[in-house]
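Peer 1: Requesting a structural model of the entry that follows:
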Amino acid sequence: MAKVQLCNVVVLDNPSPFLNPFQFEITFECIEELKEDLEWKMIYVGSAESEEHDQILDTIYVGPIPEGKHKFVFQADPPDEQKIPVVDALGVTVVLLTCSYRRQEFVRVGYFINNDYTEPEVKENPPAQPQFDKVFRNILASEPRVTRFKINWDDTDTMHQSTDDTTHNIEEELVSSNGAVGFSENSSHSAMEVM
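Peer 2: Residues are numbered from 1 along each chain as shown. Modelled structure (predicted):
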């Protein structure tokens, strides 16, 4: 049984300008004390064609973790627009949140994002080079894709899985707001706290 259960993810500041930071309020429950850190990553999928355009926006380590419910806001700068192919700058893409323990990924949450201009004249006649200062990002917060992986939570060396191969595998279970993991939009902040 997993020692950490993802309880809720709230997408903050959504929709927002493309150049604003990404912000997710994450709530999880630990059923027993973890002696090592949880590794959280936020990954922006720059192109559906190739993983080489994926960008790790931030990696944070949380721990050691006592038993109980915990909440924190995971914030990261937007992707480097120079690394996004021009043809993939606008339209639909994905942002992923992953969590690993002892370098084993055990949960991944994927959100579809729509990047588009909001000004009608720019939308009708888009420039050849994307103007990211005029692009708005809308994360489809109500329909996350959640994938859970079985890992070895104990000290033995079996079942190790590298997290270097994350992204592009998000055809998993679709969890709605009434599922085991609840999702909603909000704009409140909080630091890591025991609930």
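
Peer 1: Please count neighbours and contacts with C-alpha atoms only from this point.
Peer 2: Noted.

Peer 1: List the beta-bridge partners for the closest residue to P144 other than its chain neighbours.
Peer 2: Leaving aside its chain neighbours, P144 sits nearest to Y111 (5.0 Å; criterion: C-alpha to C-alpha, 6 or more residues apart in numbering). Beta bridges link Y111 to V95, judged by DSSP bridges.

Peer 1: List the contacts of Y111.
Peer 2: Y111 makes contact with 94-96, 139-141, 143-145, according to C-alpha atoms under 8 Å, 6 or more residues apart in numbering.

Peer 1: Each with direction, which strands does the helix or strand where K71 lies pair with?
Peer 2: For K71, the element it lies in under DSSP states H and E is strand 68-76. Strand pairing for strand 68-76, determined by DSSP bridges: strand 22-30 (antiparallel), strand 193-194 (antiparallel).

Peer 1: winner for burial among these?
Peer 2: strand 22-30 (a mean of 21; mean count of other C-alpha atoms under 10 Å).

Peer 1: Mind checking the pLDDT average for that one?
Peer 2: Average pLDDT, strand 22-30: 97.

Peer 1: for the nearest residue to K134 once chain neighbours are set aside, phi and psi?
Peer 2: Nearest in space to K134, with sequence neighbours left out and distances taken as C-alpha to C-alpha, 6+ apart, is Y117 at 6.0 Å. Taking degrees, to the nearest 10, you get phi -80, psi 150 for the backbone angles of Y117.

Peer 1: thinking again about what came up before, least trustworthy position among the contacts of Y111, going by pLDDT?
Peer 2: Minimum pLDDT across the contacts of Y111 is recorded for E143, with 91.

Peer 1: any idea of the pLDDT on the residue nearest to K134?
Peer 2: pLDDT, Y117: 95.

Peer 1: quick one: the residue nearest the centre of the chain from G91, how far?
Peer 2: Most central in the chain under C-alpha atoms, centre = their mean is L97, positioned 2.6 Å from the mean C-alpha point. From L97 across to G91, the span is 20 Å (C-alpha to C-alpha, to the nearest Å).

Peer 1: count of residues packed around the closest residue to P66 other than its chain neighbours?
Peer 2: Leaving aside its sequence neighbours, P66 sits nearest to E33 (C-alpha to C-alpha, 6+ apart; 4.4 Å). Per other C-alpha atoms under 10 Å, the neighbour tally for E33 reads 14.

Peer 1: Alright, I will stop here.
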